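Engineer: structure for the following, please:
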Amino acid sequence: MEDFQMRPKKIFKMMKDTKNSANALSTSSDCMNTHTCDTAYNIGQGQKQNSSPSSPSFKNGICQSPYSTPHKEESATQMDVTADVSAPSETVTKDAICISKQDGCMETEEGTSAKPQVPKIFYCSRTHQQIQQVVRELRKTVYKDVKMTILSSREHTCIQTPGSGHTFRSKTEMCCALLDPVEGRGCMYKNGRMSSHTALEYYKMESPWDLEDLVQAGRTIKSCPYFASRDLITTADIVFCPYIYLIDPKIRNTMNLQLRGAVILLDEAHNIEDCCRDAGSYSVLYDDIFQAMKDCKRVAGMEILPEIHNRLAWFLSSLMKWMSQTIQLTEHYETETERMESSTFGGADAVASFEEHGIDLESIIEFKRCAVDAVTETNSGENMLHTKESFERHGVLQATTFVLEGLSLVLGFMYDNDMEHIWDYYVVVCKNSVVSSTSRNDMPNDWPNARGRSMLIVEEDDTPSNWGHYLNFLCMNPGVVFRPIADVVRSIVLTSGTLAPLVTFNSELGTTFANELQALHIIDENQLWVGALGSGPGGRELQASYRLTDMSDFRQELGSTILQVCKVIPYGVLCFLPSYRLLESLRQ
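Structural biologist: Sure thing, here's the model as predicted:
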């Protein structure tokens, strides 16, 4: 416990030892039930001349590091410029320097000497309920006055109510409709009254607060909690959020989260592998590719970067032709298994098949560059005027932006770094129910569908119009997404009760963790009994197959079993079931 009770004499001794060791400060995190991955954190002689460390000060019994800087309310622009200071360029690997801004890591500038910043801490868990528990524990510590924020979706934080005559499927849809630059009437709550920690102090908002406190304050002050929580990222020392916000590159880019030199804590991290695989995958509907191609041609016809948008249209058209040919080939097979095998490509096989349609490495690099230019032109300041005329000329539509960004991201994972991860992907063309399609009503009848036939032809074997052909890029290796994050952060800590076996966990994430701890269980072996019940009190077999769970005899026997167990266990029973449907039927 002495490590957690830092006495002044011990701290002064540590600072003296640090000063005598080549002025190099390296970090390593030792936490219970954690995995850590630490990068060297070298202060360096050049920075020492600019800011020589002073003796540590104490405030409320807490040691203030001489390398720390006082809190300042800085603008977003200022923070973007200094976001990289906490990780000096001389200690960052080459791969880390090459990480793009889309990965939430700003590029470093060589020769820049600036004052070191205190690393921002991101505490991530799986659900908002778990984050609320962490905030409650934070209130009990001496760090309760830390500047913090909690990131959440509009579904949890929006306080606007739909007007009469308006129906929206979600609060996200309502917010986008209200803030639409052409037809939206605006939102009275988007006024920035809670956009800084100084403002929260003025309104008597004491830290740490949970999401319910922020929402309640927003109702009282009449200011939007959703946009307030995002604005507070700039000056927050610790950011709480679901870990999908950091893992998914698209969400991370949208939220403008800069991870270089940060400290990341991933709680309940046993689902991190699936989360990374999902973040590295992408699915797009054939009709949406067509809509994006048509939109690029429209913008090119308006003389807005015509060469850029024409190249994008050509690339999307080539991708559609490849899909059409693949689908036509699968129709020659009789069984569903043969069709699936013929439309499933390993990463290298997909690359070879793409090249037959002119989609090679050079064209993909060009597509990524053009996509960045097109999206940048769309989001430029000159095109954000709230008039219909400017909106019609502002560039590609938002749906097109999603397609361009999604394809750029997944193709970058596959082709970058000399196709390092080419065998970590499968490319699959399949038919599935359509979640949403913005282009179905806009497609001309004489345009060929995914099968290469005119849409005027009605085929007898065609399924209803809510089905469509998808192009799926499936990531099989979570390390594709996780390793770039681990390479640029100062430290990353993963905690969970079910991470073992640790060897396979490290291999899956493609990262070597400097510190590992697999703690003993809280109970003794003699307190635990594990067994299987083959039958219930009535002698009926308890085989929970999908077919048998629908039978009333099985449900009656299972219910009797649970009832008998509850009678002999005095302090509570926790029963897991395979589905909510079975849970509800048993309850009834």
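Engineer: now the strands for the stretch 151-300 of the chain?
Structural biologist: 238-242, 263-266, 282-285 (DSSP state E, counting those that start in this stretch).
Engineer: show me where this protein has strands.
Structural biologist: For the chain, the strands defined by DSSP state E cover 34-38, 57-59, 62-64, 121-125, 148-150, 238-242, 263-266, 282-285, 344-346, 425-433, 467-475, 491-495, 515-516.
Engineer: quick one: average pLDDT of the shortest one?
Structural biologist: It refers to strand 515-516. Taken as a whole, strand 515-516 carries a mean pLDDT of 90.
Engineer: now the second one
Structural biologist: Taken as a whole, strand 57-59 carries a mean pLDDT of 41.
Engineer: so what's the residue count around Val427?
Structural biologist: Val427 has 22 neighbours, counted by other C-beta atoms under 10 Å. Any C-beta I mention is one placed from the backbone N, CA and C, and that applies to glycine too.
Engineer: contacting residues around it?
Structural biologist: Contacts for Val427 were tallied using C-beta atoms under 8 Å, 6 or more residues apart in numbering; they are 344-345, 347, 350, 471-474.
Engineer: make JSON lines out of the residues you listed and add neighbour count, pLDDT and distance to Arg126.
Structural biologist: JSON lines is the format used below for the contacts of Val427 (neighbours: other C-beta atoms under 10 Å; pLDDT from 0 to 100; distance: C-beta to C-beta, whole Å):
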{"residue": "Thr344", "neighbour count": "18", "pLDDT": "89", "distance to Arg126": "31"}
{"residue": "Phe345", "neighbour count": "18", "pLDDT": "91", "distance to Arg126": "33"}
{"residue": "Gly347", "neighbour count": "21", "pLDDT": "88", "distance to Arg126": "30"}
{"residue": "Ala350", "neighbour count": "20", "pLDDT": "91", "distance to Arg126": "32"}
{"residue": "Leu471", "neighbour count": "22", "pLDDT": "93", "distance to Arg126": "29"}
{"residue": "Asn472", "neighbour count": "17", "pLDDT": "93", "distance to Arg126": "25"}
{"residue": "Phe473", "neighbour count": "22", "pLDDT": "95", "distance to Arg126": "25"}
{"residue": "Leu474", "neighbour count": "18", "pLDDT": "94", "distance to Arg126": "22"}
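Engineer: determine which two of those are furthest apart.
Structural biologist: Within the contacts of Val427, Gly347 and Leu471 form the most distant pair, 14.3 Å apart (C-beta to C-beta).
Engineer: wait, Ser353 sits on Thr344?
Structural biologist: No: in this structure Ser353 lies outside contact range of Thr344 using C-beta atoms under 8 Å: 11.3 Å.
Engineer: return the helix or strand in this protein with minimum mean pLDDT.
Structural biologist: Taking mean pLDDT, DSSP states H and E as the measure, the chain has helix 94-97 as its least confident helix or strand, at a mean of 30.
Engineer: pLDDT at the closest residue to Glu155 other than its chain neighbours, what is it?
Structural biologist: In space, and not counting its chain neighbours, Glu155 is closest to Lys171: 5.3 Å by C-beta to C-beta, 6 or more residues apart in numbering. pLDDT recorded at Lys171 is 85.
Engineer: please report how far the residue nearest the centre of the chain lies from Tyr426.
Structural biologist: Centroid-nearest residue in the chain: Asp248, 2.6 Å away (criterion: C-alpha atoms, centre = their mean). From Asp248 over to Tyr426 the distance is 20 Å, taken as C-beta to C-beta, to the nearest Å.
Engineer: kindly report the same for Lys144.
Structural biologist: The gap separating Lys144 from Tyr426 is 48 Å, by C-beta to C-beta.
Engineer: quick one on the thing from earlier: got a markdown table for the strands of the chain, with distance to Val375 too?
Structural biologist: Conversion of the strands of the chain to a markdown table gives the following (distance: least, C-beta to C-beta, whole Å):
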| stretch | distance to Val375 |
| --- | --- |
| strand 34-38 | 32 |
| strand 57-59 | 46 |
| strand 62-64 | 43 |
| strand 121-125 | 26 |
| strand 148-150 | 27 |
| strand 238-242 | 24 |
| strand 263-266 | 27 |
| strand 282-285 | 16 |
| strand 344-346 | 28 |
| strand 425-433 | 23 |
| strand 467-475 | 19 |
| strand 491-495 | 29 |
| strand 515-516 | 40 |
